[in-house]
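Enquirer: prediction below, plus the sequence it came from.
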Amino acid sequence: MTEAGIANFPLHPTGGSIAYGTAGFRTTAALLPPVAYRVAHLVVHRARYLFSKSPSSATAYTSSSSPTHTQTSPETSTQATAGKAVVAMAVMVTASHNLSKDNGLKIVEPDGSMLAEAWEASATELAGANDWVAFRRAQEKLHETFPVSSSAGEPHVIVVIGRDTRSSGDAIVAALKRGVGDCLAATAAAGHEDSIGLPRSLAGVQHIDIGVVSTPALHWCVWATHSHIRRLPLDWLHDAAAGAIPAAAAAGGAAAAYYEELAYHYCGCHQALVELRATDTEEASASSNTTATTTNLTTVPEHATAPEHATARLIIDCANGVGALSMHQFLSAVEREAERGMTPAARASLPLSRQHVTLVNDNTLAETLLNHDCGADHCQKTKRFPTNGRREAHGVLQSHAGPPPRCYSLDGDADRIVAFDSTVLEHDESLLDGDRISVLYAQALDALLTRVRQCPAGLSAHDLTFLQTPDMVVIQTAYANGASTRFVSQSLKLPVACTATGVKHLHHRALHHQLAIYFEANGHGTMLCRNLFEGMCLPSVAATSPSVRERCHPICEDEGISDSLGENLAGVLRRLAAQGCRPAKACLLFIRTLSQACGDAVADLCAIELARSVLGHRDEEGLGPWRSAYRDLPSVQLKVVVPDPSKIKNTPDQARCTAPVGLQQRIDGIVSGLGDAAARSFVRPSGTEPIVRVYAEASSLEAMRQLGKDVSDAVVAALAQE
């Protein structure tokens with residue numbers, strides 16, 4: 001970075017301090033270009049730091065199209081990368097579900113996860129440096145806190161940049177590019193007073209702008225580059241730098257690769273379920289036995305795992321954001337994949353196809369419409385249908401043209417999803433949120449694994465034991481409705497873990513299990529399965545590869561997480577599928593539909609529809625069978641205004657408070673005094689407002705309201721005594 005660069009990107013005089021938190025940086029869009037310029041250095045340093053801890057984790061880049069990639073321009077500088085170790089990081093410019101006046105920055109790690117929490121304070125300090133002296137001080141502190149050893153050499157650092165549909169993203173991306181470029185320029189000036197240089201041995205620093213893209217697609221681009229998928233999405237981008245293919249084609253190809261993969265697994269799973277149903281029908285006919293198959297957790301009817309002819313409309317609210325573009329990309333990929341690899345019967349019953357999907361709130365040009373009275377966050381918080389979604393659903397219902405429509409809502413950057421049962425439009429019970437999605441996935445997995453255990457051949461006693469007790473967990477936050485927690489633990493007999501609020505905490509916990517389903521109530525979540533893509537090369541994606549490169553290995557800073565294969569669920573399913581076990585194939589494809597990097601609304605949409613098929617939900621039933629699994633307990637979230645919310649301290653999962661002394665005991669007494677076994681309440685401080693958040697739930701509305709009031713009063717009384 002240079003003194004001139006800091007001077008050219010002065011902080012806004014009234015901008016105040018902007019903290020990096022769970023959502024990254026998020027504030028009024030005009031305040032962010034100077035922040036983007038400063039944070040570029042942290043991204044590059046983070047890549048070097050990770051490489052120094054695990055140099056074998058980078059990918060060795062070799063090109064079949066050009067011996068070296070050398071390019072210099074006002075916006076980007078690239079040193080030769082042939083044979084160099086490449087570490088890719090990413091920055092997403094988005095404010096997610098916020099209105100169009102806001103924007104934000106999220107830093108993405110090489111493994112596709114969010115920036116490590118230990119680095120957030122450094123990001124905040126760099127972003128708040130108002131002059132060159134302050135920036136040097138923050139940068140020196142960063143280097144002291146996270147020192148880099150160059151004994152293993154230096155990597156070629158690639159910073160992949162994406163943004164959502166907000167026009168304010170242009171200026172932020174431009175500042176970020178300038179910051180990345182100045183990181184490389186500073187290497188030549190290392191030791192000069194007007195620059196903070198990186199080592200001259202640094203192989204190179206390069207930014208690659210993939211344009212307007214969903215947050216999950218950007219996460220996937222980085223994750224796939226540092227995963228076991230041999231087809232690297234950044235191949236397009238390297239070839240563009242070499243001049244081998246047009247830059248526009250490279251940017252589009254890198255993002256489109258994600259939807260090609262998603263369509264490949266979605267269509268493959270649907271086809272596998274159709275084939276499994278055909279096998280069931282043949283066996284039932286041969287034995288004249290059409291009775292239900294009973295499992296240890298649930299009863300799977302004879303039509304389970306059978307996708308019926310899909311005549312229901314799927315109404316998808318795209319929040320007038322990048323999700324609309326993502327859906328068009330995905331539906332086009334589905335059309336191509338269905339023609340390539342599906343039977344006519346399977347194609348006709350495919351729910352997520354253009355003939356069955358209606359997109360609403362898909363206007364990405366009128367920017368003020370972004371997230372306005374629409375989107376997953378709006379629907380989840382207000383318990384109301386999005387603009388245009390209600391009208392479209394009413395139109396289908398009143399026409400009596402077919403089964404009730406299934407309604408879904410994505411958020412502004414397409415990483416969250418919620419659903420609505422269109423048959424109960426006027427009731428809160430119509431909302432199907434993240435809690436419900438995790439339960440649906442758990443039910444579908446149980447049904448599929450039960451079928452796997454019934455495979456007639458290839459299943460050893462060891463396999464059977466392993467499949468009966470897989471390391472599988474559902475991860476929630478304290479805000480998950482207690483009814484969902486009880487259903488998972490008592491009805492599905494699965495362990496439930498609780499973490500602090502923030503998807504980064506759920507994702508980190510999920511990495512410690514063979515298979516983990518995690519969701520926040522807001523609809524952000526996914527399912528992780530260890531070693532899911534080990535040794536896999538996707539045919540539909542590899543066919544479009546302009547060149548072939550070596551695959552890389554996962555970068556994982558947490559030494560407590562093993563990347564060794566060992567005995568794992570994915571490995572057992574792969575082996576059984578190869579031996580002809582159809583349920584194992586269907587189960588593996590179902591899991592592979594879901595993003596292994598972060599929550600993705602489009603991938604979750606696919607998995608929800610597949611899970612319905614697995615469980616035998618019929619079109620004419622709408623989302624009723626899903627909704628009827630359990631009934632949510634009445635709950636409320638209250639805000640208590642206090643002078644200093646930081647006096648409230650919590651346990652790591654935020655379900656109980658440790659300070660002020662005596663407050664948790666008071667809350668426990670209030671809860672037990674209700675005489676309601678389902679009642680619970682917890683409090684936590686806001687990190688951005690002078691408030692304490694109070695959550696209360698109970699078996700009845702009356703008890704819930706009283707509980708919320710009493711706990712709020714207890715918070716005020718406890719803080720008054722401090």
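Expert: That came through fine. The model shown is predicted, which means the values in this text are computed figures rather than measured ones.
Enquirer: give the contact list for the closest residue to residue 93 other than its chain neighbours.
Expert: Sequence neighbours aside, residue 163 is the residue nearest to residue 93 in space, at 3.8 Å (criterion: CB to CB, 6 or more residues apart in numbering). C-beta coordinates here come from the backbone N, C-alpha and C atoms, glycine included. By CB atoms under 8 Å, 6 or more residues apart in numbering, the residues touching residue 163 are 92, 93, 94, 169, 170, 172, 173, 211, 212, 213.
Enquirer: can you find the helix or strand in the protein with the smallest mean pLDDT?
Expert: Using mean pLDDT, DSSP states H and E, strand 71-72 stands out as the lowest-scoring helix or strand of the chain, at a mean of 28.
Enquirer: low-confidence regions, the stretch 151-300 of the chain specifically.
Expert: 152, 185-203, 227-254, 283-285, 287-300 (pLDDT under 70).
Enquirer: where along it do the strands fall?
Expert: Per DSSP state E, counting those that start in this stretch, the stretch 151-300 of the chain carries strands over the ranges 156-163, 204-212, 293-294, 299-300.
Enquirer: can you tell me the SS state at residue 420?
Expert: When classified by DSSP: H, G, I helix; E, B strand; the rest coil, residue 420 comes out as strand.
Enquirer: which residues touch it?
Expert: Residues in contact with residue 420 (CB under 8 Å, 6+ apart) are 379, 385, 389, 393, 407, 408, 409, 430, 431, 432, 623.
Enquirer: might one say that the fifth one is in contact with residue 317?
Expert: If I follow you right, that is residue 407. Yes. When contacts are counted by CB atoms under 8 Å, residue 407 is listed as touching residue 317 (7.4 Å).
Enquirer: how much space separates the residue nearest to residue 93 from residue 217?
Expert: 12 Å (CB to CB, to the nearest Å).
Enquirer: and for residue 279, the neighbour number?
Expert: Here the number of neighbours of residue 279 (other CB atoms under 10 Å) works out to 13.
Enquirer: spatially, and excluding backbone neighbours, which residue is closest to it.
Expert: That would be residue 582: by CB to CB, 6+ apart, it lies 6.1 Å from residue 279.
Enquirer: pLDDT score assigned to that neighbour?
Expert: On pLDDT, residue 582 comes in at 91.
Enquirer: got any ranges where the stretch 601-722 of the chain has weak pLDDT?
Expert: Ranges of the stretch 601-722 of the chain meeting pLDDT under 70: none found.
Enquirer: could you pull out the strands for it?
Expert: 635-641, 649-650, 657-659, 680-685, 691-697.
Enquirer: helices along the stretch 201-350 of the chain, start to end?
Expert: With helices called from DSSP state H, counting those that start in this stretch, the stretch 201-350 of the chain shows them at 215-225, 235-241, 247-287, 322-341, 344-348.
Enquirer: among those helices, which is the most enclosed?
Expert: Mean neighbours per residue, mean count of other CB atoms under 10 Å, is largest over those for helix 215-225, with a mean of 29.
Enquirer: how big is the angle separating it from strand 204-212?
Expert: Helix 215-225 runs at 140 degrees relative to strand 204-212, counting by axes from the mean of the first three to the mean of the last three CA atoms, to 10 degrees.
Enquirer: wait, residue 182 sits on residue 6?
Expert: No. Checked against CB under 8 Å, the pair residue 182 and residue 6 is beyond contact range at 9.4 Å.
Enquirer: shared neighbours, the two?
Expert: residue 37.
Enquirer: quick one, grab the pLDDT at the residue nearest to the spatial centre of the chain.
Expert: Note on the chain: the residue nearest the mean C-alpha position is residue 599, at 1.8 Å, using CA atoms, centre = their mean. Reported pLDDT at residue 599 in the predicted model: 93.
Enquirer: residue contacts, the residue found closest to it once you drop the neighbours it is linked to in the chain?
Expert: Closest residue to residue 599 apart from its sequence neighbours, by CB to CB, 6+ apart: residue 524 at 4.3 Å. Residue 524 makes contact with 415, 416, 434, 503, 599 under the criterion CB under 8 Å, 6+ apart.
Enquirer: could you measure from the third one over to residue 416?
Expert: Put plainly, it is residue 434. For residue 434, the distance to residue 416 equals 8 Å [CB to CB].
Enquirer: find residues that contact each of these two.
Expert: 522, 523, 524.
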